[in-house]
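In: Give the three-dimensional model of this entry:
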Amino acid sequence: MRGEDTNKGRLFSYIDLEKRVRPDQPLRVIREVANGALRALSGDFAALYSPIGRESIPPERLLRALLLQAFYSIRSERQLVERLDTDLLFRWFVGLGIEDPVWNATTFTKNRDRLLDGEVAAKFLAAVLAHERVKGLLSSEHFSVDGTLLEAWASPKSFRPKDGSGDPPGPGRNSERDFHGEKRRNDTHVSITDPDARLFKKGPGKEARLCFMGHALMENRNGLIVDAVTTRASGHAERLAAIALVESRADRPHPITLAADKAYDTADFVMELRERTVTPHVAQNTAGRRSAIDRRTTRHPGYDLSQRIRKRIEEAFGWAKTVAGLRKMRHRGLPKVGWQFTLAMAAYNLVRLPNLLAAPTP
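Out: This is a model prediction of the structure:
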């Protein structure tokens, strides 16, 4: 017989969220690893909060909610909170019961900012990599490094002379401003919206944008990001960040390899790597110049292998910009932008884990 389209209310409802999530849901593996990493950070969380006063949003739930924001391309914290209120899968992943109230969006944002003080994003990335199910997937000898531009949340109109000269802003919240023909440089101009952003262009013939630069270090076995840092955009930022990222991993008796693109093919960068017992598997740049990489390095088959694998780091950058919302930064200031970029790299690793852990070991 035909069923009736009527809504019958119930006095009691018993819903077990655990049973509502199917056994093969990829978020189960991600949640297991994320919870293990968060338990390892319990001491760091305790140091950020006062022992007295009202209870705040648990930092573990904050981070799990921010991971969902990256996984499902949610544009703002307000939309994330609204989704948490109606989505059972989101409630299960974060740790909210079916009847638990959802936080106010403003309260969520203020509690999130507290995590900036403890560098929680970088510690969470390290804790994920140290998980017992993850550390066996990592290589300790072969790495790749690269950088990507992160467009700042600031308009070119906000880039004005530091000395206050120039035409005053026009009326209205988005007034017209003609800066064509004006020489604008980072040493004479600054963005009044985000002073940490720098005017930078990707290459000749490209438009200049206010941006930051994100840098990532990838291990070459499975292409997982093992470290990340964000800097102001400049022509030397990539090479300086690469040295800083590989420094802690070069302190070992046997040499490691570091693959990179042509932008890293400079004599001083290659020399710095060799001084740290790091073999520079850098792509040769022979366009009108002599490469700093010679046959001592390129004759080995490992060099060609590193050059093929290093391109996988672009997959992390592409995922972060198309899925995790880093096409244009949501925050202003270098600390917040760096926090968002590092957390996105940790989220990328977590997204990769269900398939990597399910694959048979060789």
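In: what about residue 45, distance to residue 124?
Out: Counting by C-beta to C-beta, to the nearest Å, the separation of residue 45 from residue 124 is 11 Å. Yep, even glycine has a C-beta here, placed from its N, CA and C like the rest.
In: Residue 274 too?
Out: Where residue 124 is concerned, residue 274 sits at a distance of 33 Å (C-beta to C-beta).
In: Looking at the two, which one has more neighbours?
Out: residue 124 (25 against 13; other C-beta atoms under 10 Å).
In: if I pick that one, what's in contact with it?
Out: Going by C-beta atoms under 8 Å, 6 or more residues apart in numbering, residue 124 touches 37, 38, 41, 63, 343, 346.
In: what's the answer for residue 338, then?
Out: Counting by C-beta under 8 Å, 6+ apart, residue 338 touches 121, 212, 214, 229, 230.
In: okay, among those, which ones form the most distant pair?
Out: 121 and 212 (14.9 Å; C-beta to C-beta).
In: So the closest residue to residue 323 other than its chain neighbours, which state does it fall into?
Out: Spatial nearest neighbour of residue 323, excluding adjacent residues (C-beta to C-beta, 6 or more residues apart in numbering): residue 73 at 5.4 Å. Here residue 73 is coil, with the state taken from DSSP: H, G, I helix; E, B strand; the rest coil.
In: that older thread, sort out for me which of the contacts of residue 338 are in helices.
Out: residue 121 (DSSP state H).
In: Which one of the contacts of residue 338 is nearest to residue 51?
Out: Set against residue 51, the nearest of the contacts of residue 338 by C-beta to C-beta is residue 121 (24.4 Å).
In: do you know how far that closest one is from residue 219?
Out: Residue 121 is 19 Å from residue 219, where distance means C-beta to C-beta.
In: returning to that earlier point: neighbour-wise, which of the contacts of residue 338 leads?
Out: Neighbour counts for the contacts of residue 338, by other C-beta under 10 Å, peak at residue 214, which reaches 30 neighbours.
In: For that residue, give the beta-bridge partners.
Out: For residue 214, the beta-bridge partners are residue 148, residue 230 (DSSP bridges).
In: Check the contact between it and residue 150; I expect there is one.
Out: Yes. Taking contacts as C-beta atoms under 8 Å, residue 214 lies within contact range of residue 150: 5.1 Å.
In: which residues do these two both contact?
Out: Shared contacts of residue 214 and residue 150, counting by C-beta under 8 Å, 6+ apart, come down to 230, 326, 341.
In: what's the closest of the residues you listed to residue 111?
Out: Nearest to residue 111 among the shared contacts of residue 214 and residue 150, with distances taken as C-beta to C-beta, is residue 341, at 20.3 Å.
In: chain center to the longest helix along the chain: distance?
Out: Scanning the chain for the helix with the most residues, using DSSP H, yields helix 334-358. On the basis of C-alpha atoms, centre = their mean, to the nearest Å, helix 334-358 sits 6 Å off its chain's mean C-alpha point.
In: What are the buried residues along it?
Out: Going by neighbour count (16 or more other C-beta atoms under 10 Å), the buried part of helix 334-358 is 334, 336-354, 356.
In: What strand or helix carries residue 18?
Out: Take DSSP states H and E as the rule and residue 18 turns out to sit in helix 17-20.
In: What helices and strands are in contact with that helix?
Out: For helix 17-20, the elements it packs on are helix 88-94, judged by 3 or more C-beta pairs under 8 Å, 6 or more residues apart in numbering; DSSP states H and E.
In: C-terminal to the helix it packs on, what's the next element?
Out: helix 105-114.
In: what about the stretch 51-200 of the chain, any weak spots by pLDDT?
Out: For the stretch 51-200 of the chain, applying pLDDT under 70 flags the ranges 166-175.
In: which residues in it form helices?
Out: 59-71, 77-86, 88-94, 105-114, 120-129 (DSSP state H, counting those that start in this stretch).
In: List of residues touching the longest one?
Out: Counting by C-beta under 8 Å, 6+ apart, the neighbours of helix 59-71 from elsewhere in the structure are 27, 30-31, 34-35, 38, 45, 48-49, 74, 77, 80, 83-84, 90, 93-96, 108, 111-112, 114-115, 120, 124, 323-325, 343-344, 346-347, 350-351.
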